[in-house]
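S.K.: A structural model of the following input is requested.
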Amino acid sequence: MFMLKGSKLPLLLLAIILVFGLMVVAGCEDPETVEEVDEPEEVVDEEEEEEEEAAPVDKKDVSWSITSSASGWYAWKATYASLVNENSDLINVTAVEAGGAQEAFEMLLEDMILIGNSNSLERNKAAEGEDIYAPGHPDLRALVLGASAPNNLAVRADSGIESFSDLEGKRINPGGMGTATEQITQNVLEVLGIEPDYQFMGMDDAIDALRDGHIDGFFKTAATPDAPDAVIQELQMTADIRTIGLTEEEADMIRDANAAFIYEVPAGTYENQDEDLLAKGTAYVSQTKKDNLTREEAYDFALVGFTMQDKLEDTTPGPVMEDIIEVQFAAAPYYWHAGVIDLLLDLGYELDDMPEEIIPPEF
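M.R.: Next up is the predicted model:
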């Protein structure tokens, strides 16, 4: 039997230990390879970068032709536009000054803007294609009522004018140039067979002309029948000015011809007005075209007018219309935008509660 001498045993054991150690070391992973990548930190950075690069959705720019800055309704409409912008994620409304409702309406018809004000009478003519509006604009849609407004006739006390029939041959400004008042006055006086000496000019010039005696009278639209117009009130402080009303017979002729609405102005509304007066007038409604606004965009625009009257109170030139929806049912008996119908349903109205003539075909 082969035997190792005692002196060589320790050397053999040492050799075995070294070989085993080298084998263990060879089977281990390189420590530097294990610590090469820190994946979680890089993934988080990529997600944050994607969020920063996501751009917000832009609001749609919507131009709204309103009225002259000299009108008592200018501040109300400018405030209305601001409220829409604050409360809508879809549209940003820019109020564009116009000479009056008629000019604002024509801007809409000519596609210069997306929303325009109009008086209800002219709007109906445009939709049907009557007179200058042929062949018609059946795509017109109502949004929100602005006012039910009388056109008051103010004359100089020394003019000799005691009634509408006395306007024959007199120097009369029918209303601010380019306004619905101007057009309605001419239509009404034509129905009554009266031919004044028309003096066409802007309202600021008409005010000065009446004060200085260069014209005998003018027509001025008030915010509501029972609230005095500020311009007429101011003139009565510096000149002898009085207001003139229609007779019942004249009012009936105007109604029959559908030339204007008839409003009753309560006694005492103006200085030296001892009796109720009948005045011609109209209703002013913001209009658009069917495809100018989506249903959601029209909804946002109408929401301010139907639910935020309290926020418009400080700029309203007259009493706030608390029952604006019911008033609009009567003052705007024609197609409303489908988005407005959506809003009315959300406010608790049923389709059966609404006049049939306001529901558009596309609803």
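S.K.: tell me the strands in the stretch 201-350 of the chain, going along the chain?
M.R.: 217-221, 241-244, 261-265, 277-289 (DSSP state E, counting those that start in this stretch).
S.K.: My error: substitute the stretch 1-150 of the chain in the last question.
M.R.: Taking DSSP E, counting those that start in this stretch, the strands of the stretch 1-150 of the chain run over residues 60-65, 91-96, 115-119, 140-156.
S.K.: which one of those strands is the most hemmed in?
M.R.: Mean neighbour count (mean count of other C-beta atoms under 10 Å) peaks for strand 115-119 among those, with a mean of 28. Placement of C-beta: from N, CA and C, glycine included.
S.K.: for that one, packing partners?
M.R.: Here strand 115-119 touches strand 60-65, helix 101-109, helix 180-192, strand 277-289, going by 3 or more C-beta pairs under 8 Å, 6 or more residues apart in numbering; DSSP states H and E.
S.K.: Columns mean pLDDT and distance to Asp204 on top of the ones you listed, output as JSON lines?
M.R.: Converted to JSON lines, the helices and strands packed on strand 115-119 look like this (pLDDT from 0 to 100; distance: least, C-beta to C-beta, whole Å):
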{"stretch": "strand 60-65", "mean pLDDT": "96", "distance to Asp204": "20"}
{"stretch": "helix 101-109", "mean pLDDT": "90", "distance to Asp204": "16"}
{"stretch": "helix 180-192", "mean pLDDT": "93", "distance to Asp204": "14"}
{"stretch": "strand 277-289", "mean pLDDT": "92", "distance to Asp204": "20"}
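S.K.: ok, back up a step: to Ala134, which of the strands of the stretch 201-350 of the chain lies closest?
M.R.: Nearest of the strands of the stretch 201-350 of the chain to Ala134, taken as C-beta to C-beta: strand 277-289 at 17.2 Å.
S.K.: Quick check: buried residues in that closest one?
M.R.: In terms of neighbour count (16 or more other C-beta atoms under 10 Å), strand 277-289 has its buried residues at 277-289.
S.K.: Can you tell me which of those comes closest to Gln183?
M.R.: Looking across those and measuring by C-beta to C-beta, the closest to Gln183 is Thr282, at 9.6 Å.
S.K.: Surely that closest one is in contact with Arg123?
M.R.: No - here Thr282 does not reach Arg123: they are 9.6 Å apart, not a contact under C-beta atoms under 8 Å.
S.K.: Any stretches of the stretch 201-350 of the chain with poor pLDDT?
M.R.: Scanning the stretch 201-350 of the chain for pLDDT under 70 picks out 317-322.
S.K.: thinking again about what came up before, with distance to Gly136 as added columns, please give the helices and strands packed on strand 115-119 in a markdown table.
M.R.: Shown next, in a markdown table, are these (distance: least, C-beta to C-beta, whole Å):
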| stretch | distance to Gly136 |
| --- | --- |
| strand 60-65 | 21 |
| helix 101-109 | 10 |
| helix 180-192 | 18 |
| strand 277-289 | 13 |
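S.K.: roughly how far apart are Leu303 and Met203?
M.R.: Applying C-beta to C-beta, to the nearest Å, the value for Leu303 to Met203 is 32 Å.
S.K.: Save the strands of the stretch 1-150 of the chain as a markdown table, and put in distance to Ala230 too.
M.R.: Below are the strands of the stretch 1-150 of the chain laid out as a markdown table (distance: least, C-beta to C-beta, whole Å):
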| stretch | distance to Ala230 |
| --- | --- |
| strand 60-65 | 23 |
| strand 91-96 | 20 |
| strand 115-119 | 19 |
| strand 140-156 | 12 |
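S.K.: Sounds good, over and out.
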